[in-house]
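1. okay, predicted coordinates and the sequence, questions at the end:
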Amino acid sequence: MSLTTQRTMVEALNLALDEALSTDPDVCLMGQDIGCNGGVFRVTKGLQGKHGQDRVMDSPLAECGIVGTAVGMAIYGLKPVAEIQFSGFTMQAFDQIEQNMARYRNRTRHGQPLAMVMRTPYGGGIRAVEHHSESREAYWAHTPGLKVVIPSGPRNARALLAAAIQDPDPVIFYEPKAVYRAFREDVPDDPEVARLGRAQVVRNGSDITVISYGAMMRPVLEASDDLSSLHGIDVEIIDLLTIKPMDTETIIESVTKTGRCVVVHEGHKTCGIGAEIIARINEHAFGHLLAPVGRISGYDIPFPYFQCEQHFLPDPDTIIEKIQDLMTWQ
Amino acid sequence: MDTKPVQLDNIDVLQVLNEEGMVDTTKAPPLTHDQLRRLYVAMVLTRKFDSRMLAMQRQGEMGTFAPNLGQEATQIGQVFPLTADDWFAPSYRSFGAQIWRGWSMEQLLLLWAGYHEGFPPPEGVNDLPFSIVIGSHVLPAVGVAMGMAQKKQQHCVTVNFGDGAMSQGAVNEAFNFAAVYKAPCVFVCENNGWAISTPLQRQAATESLAVRGIGFGIPSIRVDGNDILAMVAATTTAAERARAGQGPSLIEAVTYRMSLHTTADDPTVYRQEEHVDPWHQRCPLLRFERYLNRESILTEDECRRIADECEQRVLEARAKFREMAKARPEEIFDFVYHTMPPELIEQKKDYLSRLARKGLNP
Ligand SMILES: Cc1ncc(C[n+]2csc(CCOP(=O)(O)OP(=O)(O)O)c2C)c(N)n1
Ligand SMILES: [Mg+2]
């Protein structure tokens, strides 16, 4: 019987990094304050002490420098896992992500592929100052050559990060910081590696499909509890886990079955991930729809100052109301 | 010619007022007693405000913020030479300088308590809003200076940032633009030894950061950032050069972050108290006070009274802040575009109905 340990997402991510450093001598970490400070969220706590300064590197304060040199290390055959302190500061690295990280494989016709990961915490809900609450995963999903992965809980965070590090292509790994310490979950003590590109049906249902990912999975689960206990609505829930490449098959199979769907994310509405999901449903399951596909998202405004953030973020009530609307749609 | 490349690691630090409060009169800037008193009051006020804000944060009344304990001389010295027509572009640790520039303390409290109202520069204050993103405000500050040059205005811009910011590509681009366009800009690098947990030695391979400016063709100086008189001397010279069309200067103010990086930080993880100890002796207020007392510019009694008055002003600001601190969630759509586009009007309608459901009707 394999054993498990209750871990937070921070601890689970730490475990995945520790395992990767321990088993693969090419893996190395780089980022601001990731050494003795263990990162500002403590995801890399203890790793420099255990694996040394050469492999767990504190970097100067330059995101473009972190990603750009990680690209070079990956060309040389290392497997760098770069940490950007907050996803808001990945913008400083946009140049290297877009011009190099995403394109080397294609540019060199497979000659110089980049097995590298850029990890970064994203999303709202921690009463942070400006630039610390954004969800801009759509930028990276829009860029050819990148994979985009977003875990929702401790167990899948560990397994997905392990997969991202082993993946032969560059991966943007978005960590929902609101979930970092929100709850514990059983995480297997033995290594567990997920398959990228696979969504997970976390709850089976027959009335409507809810598609979400990351920190929004919690309000979705809460809403679906209420919907089934108070309103008798049977919700099927899909956790995307990988945003790109997207698991269209799982989405279409579910929507074909339920005939109704709502997508939920905290990123902005226009050209957000929801728009892409709806387009795919339109392409592949239009004939099965009993109602238009609903979309709950962040609004098209800068993430508000934290006194107002709770009103910006999608909440269970909003999800419940939307689903009730769609159930009675004619 | 020698084929060995040239290397420049360090330059001397300008000091006027030493730790014992003794002044090197050959270098002292010509300040009146009244000016000296104003500098002192501003530094005391900065410290009182800082410690009150920390207490408020610990009691849950304030969000995360970055204390500036020990950096009061750098704070006030950099803005002292600025007139109302000059501009200042602050970093997030600059509230001492912002108060000097005319930001009310209650507004700064609003800002750090998460209210949008705290952000815009007050009427008549030619400042940029502070920047959270390290170094991202430095290019815009240079742009303001380029505008001044283009309009033939004899004003200048002072922009401040940390030692960590020196690593950002954008900051180095800013140096180059300012140098190439001879922009009337004063760069103040507040070298407080740390960027969160990263000590200067891991940030840069040189001992001094001012040497960078020289590489860009910018006259550069290292200054004891805990010495208010040296700061005033250096910034005054730099501001005068800028206004006279002689281009940018870089001032590296050598100081120390005695407190937390931010209230979310725990420095015991990465630095020992022994590192901080010597800086108590180098306290910018202590040495200035010694000097002012000895020269009978301010008596010890007067200093105590100033401390009480500053504390009082801070408490009054807190009271005003408490009255003003009201979230206005209905406003969050209203400042994104000059004219709200139809799709946003639509979204706002949806949002307001959500607020109404929560009983938060405007
Ligand atoms: C572009 C960017 N990267 C990372 C951060 C996170 N961060 C906030 S403050 C800080 C350290 C800044 O150090 P320094 O420039 O020396 O200024 P100090 O805080 O010491 O005043 C970091 C890394 C940020 N705000 N912006
Ligand atoms: Mg610093």
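-> Perfect, I can see it now. Numbering: from 1, shown residues only, chains lettered A, B, ... in the order given. Ligands and ions are numbered 1, 2, ... in the order given.
2. quick check, pLDDT for B:Asn361.
-> In this model, B:Asn361 is scored at 69, pLDDT.
3. also A:Met1?
-> 62.
4. ok, the one 4 residues further on next?
-> On the pLDDT scale, A:Thr5 is placed at 98.
5. just checking, it is part of a strand?
-> Yes. Counting by DSSP: H, G, I helix; E, B strand; the rest coil, A:Thr5 is located in a strand.
6. if I pick it, what's in contact with it?
-> Counting by Cβ atoms under 8 Å, 6 or more residues apart in numbering or on different chains, A:Thr5 touches A:186-187, A:189. In short, each C-beta sits where N, CA and C put it, glycine included.
7. by neighbour count, which of the residues you listed wins?
-> A:Val187 (23 neighbours; other Cβ atoms under 10 Å in any protein chain shown).
8. isn't there a strand covering it?
-> Yes. Under three-state DSSP, A:Val187 falls within a strand.
9. what residues are bridge-paired with it?
-> A:Thr5 (DSSP bridges).
10. that older thread, list just the nearest of the contacts of A:Thr5 to chain B.
-> A:Val187 (24.7 Å; Cβ to the nearest Cβ).
11. these two touch, right, the closest one and A:Val10?
-> No. Contact between A:Val187 and A:Val10 fails when scored by Cβ atoms under 8 Å: they sit 11.7 Å apart.
12. mutual contacts of those two, please.
-> Common neighbours of A:Val187 and A:Val10 (Cβ under 8 Å, 6+ apart) do not exist.
13. quick check, pLDDT for B:Gln7.
-> Reported pLDDT for B:Gln7: 83.
14. how many neighbours does it have?
-> If we define neighbours as other Cβ under 10 Å, then B:Gln7 has 7 of them.
15. please tell me how far it sits from ligand 1.
-> Counting by Cβ to the nearest ligand atom, to the nearest Å, the gap from B:Gln7 to ligand 1 is 24 Å.
16. again with A:Ala215
-> 21 Å.
17. run a quick neighbour tally on that residue.
-> 26.
18. doesn't it lie inside a strand?
-> No. A:Ala215: not assigned to a strand; according to three-state DSSP it is helix.
19. re the thing from before, in JSON lines: the contacts of A:Thr5, plus pLDDT.
-> What follows is these, written out as JSON lines (pLDDT from 0 to 100):
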{"residue": "A:Asp186", "pLDDT": "98"}
{"residue": "A:Val187", "pLDDT": "98"}
{"residue": "A:Asp189", "pLDDT": "97"}
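20. of the residues you listed, closest to B:Gln59?
-> Comparing the contacts of A:Thr5 against B:Gln59 with Cβ to Cβ picks out A:Val187 as the nearest, at 36.2 Å.
21. next up, the contacts around the closest one.
-> A:4-7, A:11-12, A:15, A:154-155, A:158.
22. what do you get if the cut-off is 10 Å, keeping everything else the same?
-> A:4-9, A:11-12, A:15-16, A:153-159 (Cβ atoms under 10 Å, 6 or more residues apart in numbering or on different chains).
23. from the chain's centroid, how far away is the helix or strand of chain A with the lowest mean pLDDT?
-> Least confident helix or strand, chain A: helix A:309-312 with a mean of 91, by mean pLDDT, DSSP states H and E. Distance, stretch centre to chain centre, for helix A:309-312: 20 Å (Cα atoms, centre = their mean, to the nearest Å).
24. can you give me every residue that contacts residue 224?
-> Unless you meant another one, I'm taking chain A. For A:Ser224, the contacting residues are A:202-203, A:205, A:208, A:210, A:233-237, A:316, A:319-320, A:323, by Cβ under 10 Å, 6+ apart.
25. my question was about chain B
-> Counting by Cβ under 10 Å, 6+ apart, B:Asp224 touches B:13-19, B:73-74, B:230-231, B:234, B:253-255, B:282, B:284, B:287.
26. against which helices or strands is the lowest-mean-pLDDT helix or strand in chain B packed?
-> Taking mean pLDDT, DSSP H and E as the measure, helix B:273-281 is the helix or strand of chain B with the lowest mean score, a mean of 93. If contacts are counted by 3 or more Cβ pairs under 10 Å, 6 or more residues apart in numbering or on different chains; DSSP states H and E, helix B:273-281 sits against no helix or strand.
27. wait, does that helix contact ligand 1?
-> No. Helix B:273-281 does not reach ligand 1 (Cβ under 6 Å from any ligand atom); its nearest approach is 13.9 Å.
28. the stretch 1-150 of chain A: strands as residue ranges?
-> Taking DSSP state E, counting those that start in this stretch, the strands of the stretch 1-150 of chain A run over residues A:4-7, A:27-31, A:56-58, A:79-83, A:117-122, A:147-149.
29. now the contacts of A:Val187: which count as buried?
-> A:7-9, A:11-12, A:15-16, A:153-159 (16 or more other Cβ atoms under 10 Å in any protein chain shown).
30. reformat those residues as TSV; add distance to ligand 1.
-> Formatted as TSV, these follow (distance: Cβ to the nearest ligand atom, whole Å):
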residue	distance to ligand 1
A:Arg7	26
A:Thr8	22
A:Met9	21
A:Glu11	23
A:Ala12	24
A:Leu15	25
A:Ala16	23
A:Gly153	26
A:Pro154	25
A:Arg155	29
A:Asn156	27
A:Ala157	22
A:Arg158	26
A:Ala159	29
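31. turn the residues you listed into TSV, including distance to B:Pro67.
-> Output for the buried ones among the contacts of A:Val187, formatted as TSV (distance: Cβ to Cβ, whole Å):
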residue	distance to B:Pro67
A:Arg7	33
A:Thr8	28
A:Met9	29
A:Glu11	30
A:Ala12	33
A:Leu15	34
A:Ala16	35
A:Gly153	35
A:Pro154	33
A:Arg155	38
A:Asn156	38
A:Ala157	33
A:Arg158	36
A:Ala159	40
